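K.L.:
Pasting the sequence and the predicted model now:
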Amino acid sequence: MMKVNVEKLKTTLAKVKPGLANNEIIEQATHFCFQGGVVRTYNDRVSISCSLPEGMEVEGAVKAKEFYDMISKMPSGEMEVTEEEWLIKIKHGKIKVEINKQSAFLTIIDLEKLEKWKALPEGFEEAIKFCSFSASKDITIPYLVCIQVKHDRILSCDRFRATKVFLDKMIRKELLIPASSAVELAKYKPKEFCVEEDWIHFRDEEGTVFSCRTMKTKFNNEVVEAFFEVPGGKEIELPDNFHTVVDRVQTLVTEEFDQDKTITVKITEGKMSCKGEGSLGHIEETMKVKYKGKDIEFKVHPNFLIEILSHLKTVLVGEKALLFKGDNFEHVISLE
């Protein structure tokens, strides 16, 4: 019999949940796999491994959704865990549970063989999250669905906008991280990385390993860097309350996935407007701005824009693009 802290197990399972698949296209992709004191998940895109709390020494695979729902509704404290060949038994006060299990065989990644871990720069997770907004969803151009980490910068582009973040430390290896994986990875605050042929592994302070498949493609730096050239641009001072307006108009924006949310910003002579709309309706707010020139209109993720506005108060307006430039980042939006 083992005694396991319910809250610690709940936290551990929540950490590996993003590695689960919605459907079991790959066997055990919808399971928690307990092996050698570690719980793993794997969905062919990412794999997440985390050490189990003290006492949780079971071996086998269980259906993740049902097991997590059951554990998350347990009262706090310690529960007693025992196992038989095809069963995990749990007793917590008057609660008795028997869960069917099967043999776990998720051996896609051998954690013990991972060597040569290298330190990541401070703020790495914020940088990849920031760049993920500009990555493409068009798989026909594979390198654009990735975020490139190379030397002292991180790059992303979707042919209409591009983001560059400067790091305070050089990374010698080039990393191509699929943006969909980067969004989840950013939540883990990774401190180290390790590269294999098909995988990039990241490890946080607690030893959780987040592994994502990399893509066998070449990032076209020449094309992406060209986006940041805005010749003959004129600087516009943005309204003081711009971030408050953006936050207000996003309230009616509805999309299935947060990354797909956008608001519309329009700049005309002496005026700037923000508009957010969704299934319930729309909201628009207008502000004064010192501007003379052709009308400008662009779409942008509201939270991303709010983050930009926390670092700067001006934007460079060129004939073909807008450039937001902060101390350690650049973001450009095409106007063509």
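P.N.:
Perfect, thanks for sending it.
K.L.:
So L9: helix, strand or coil?
P.N.:
Under the three-state scheme (DSSP: H, G, I helix; E, B strand; the rest coil), the conformation of L9 reads as helix.
K.L.:
from here on, count from 219
P.N.:
OK, 219 is where the count begins now, so the last one is L227.
K.L.:
Tell me the pLDDT of the residue nearest to it when sequence neighbours are not counted.
P.N.:
For L227, the nearest residue in space outside its immediate sequence neighbours is P271; the separation is 5.4 Å by CB to CB, 6 or more residues apart in numbering. Any C-beta I mention is one placed from the backbone N, CA and C, and that applies to glycine too. Note on P271: pLDDT of 95.
K.L.:
what's the answer for I326, then?
P.N.:
The predicted structure lists I326 with a pLDDT of 66.
K.L.:
who touches A539 in this structure?
P.N.:
With contacts defined as CB atoms under 8 Å, 6 or more residues apart in numbering, A539 is in contact with 445, 448, 550-554.
K.L.:
what pairs with it across the strands?
P.N.:
With DSSP bridges as the criterion, A539 is bridged to S552.
K.L.:
what's the answer for V299, then?
P.N.:
For V299, the beta-bridge partners under DSSP bridges are M220, I308.
K.L.:
So it versus F445, what's the distance?
P.N.:
With the distance defined as CB to CB, to the nearest Å, V299 ends up 54 Å from F445.
K.L.:
Looking only at neighbour counts, state which of the two leads.
P.N.:
For V299 versus F445, the count of surrounding residues by other CB atoms under 10 Å is larger for F445: 24 against 20.
K.L.:
Surely the more buried one is in contact with A380?
P.N.:
Yes: taking contacts as CB atoms under 8 Å, F445 lies within contact range of A380: 4.0 Å.
K.L.:
Now for these two: what residues contact both?
P.N.:
Overlap of the contact sets of F445 and A380 (by CB under 8 Å, 6+ apart) consists of V550.
K.L.:
tell me the average confidence for stretch 389-403?
P.N.:
For stretch 389-403, the mean per-residue pLDDT is 94.
K.L.:
ok now that stretch, how far from the chain's centre?
P.N.:
On the basis of CA atoms, centre = their mean, to the nearest Å, stretch 389-403 sits 10 Å off its chain's mean C-alpha point.
K.L.:
residues of that stretch that come out buried?
P.N.:
By neighbour count, with 16 or more other CB atoms under 10 Å as the criterion, the buried positions of stretch 389-403 are 389, 393-403.
K.L.:
farthest-separated two in the residues you listed?
P.N.:
The two members of the buried residues of stretch 389-403 with the most space between them (CB to CB) are I389 and S398, at 20.9 Å.
K.L.:
Now stretch 345-364 - C-alpha only, CSV.
P.N.:
The C-alpha coordinates for stretch 345-364 follow below in CSV (Å, rounded to 0.1, in the frame of the first residue of the first chain):
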residue,chain,number,x,y,z
ALA,A,345,9.9,35.5,-26.0
ILE,A,346,8.5,32.3,-27.7
LYS,A,347,5.0,33.2,-26.6
PHE,A,348,5.4,36.7,-28.0
CYS,A,349,6.6,35.3,-31.3
SER,A,350,3.9,32.7,-31.6
PHE,A,351,1.3,35.3,-32.5
SER,A,352,3.1,35.9,-35.8
ALA,A,353,3.6,32.3,-36.9
SER,A,354,1.7,31.0,-39.9
LYS,A,355,-0.9,28.2,-39.9
ASP,A,356,-0.3,27.4,-43.6
ILE,A,357,1.6,24.1,-43.6
THR,A,358,2.3,24.5,-47.3
ILE,A,359,5.2,26.7,-46.3
PRO,A,360,6.6,24.6,-43.5
TYR,A,361,9.2,27.0,-42.1
LEU,A,362,6.6,29.7,-41.5
VAL,A,363,4.6,27.5,-39.0
CYS,A,364,7.8,27.4,-36.9
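K.L.:
Name the surrounding residues that touch it.
P.N.:
339, 365, 367, 372-377, 379-383, 385, 394-398, 400-401, 403-404, 433, 435-438, 477, 519, 522, 525, 547, 549.
K.L.:
Name only those of these that count as buried.
P.N.:
With neighbours counted using 16+ other CB under 10 Å, the contacts of stretch 345-364 contain these buried positions: 339, 365, 367, 372-376, 379-383, 385, 394-398, 400-401, 403-404, 433, 437, 477, 519, 522, 525, 547, 549.
K.L.:
Read off the pLDDT value for E333.
P.N.:
pLDDT recorded at E333 is 83.
K.L.:
Repeat that for K314.
P.N.:
96.
K.L.:
Strands along the stretch 219-368 of the chain, start to end?
P.N.:
Listed in chain order, the strands of the stretch 219-368 of the chain (DSSP state E, counting those that start in this stretch) span 220-223, 249-253, 256-260, 264-269, 278-281, 296-302, 305-310, 313-318, 336-337, 364-375.
K.L.:
Can you add distance to L238 and give those back as a markdown table?
P.N.:
Written out in a markdown table, the entries for those read as follows (distance: least, CB to CB, whole Å):
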| stretch | distance to L238 |
| --- | --- |
| strand 220-223 | 21 |
| strand 249-253 | 8 |
| strand 256-260 | 5 |
| strand 264-269 | 9 |
| strand 278-281 | 10 |
| strand 296-302 | 21 |
| strand 305-310 | 18 |
| strand 313-318 | 17 |
| strand 336-337 | 28 |
| strand 364-375 | 23 |
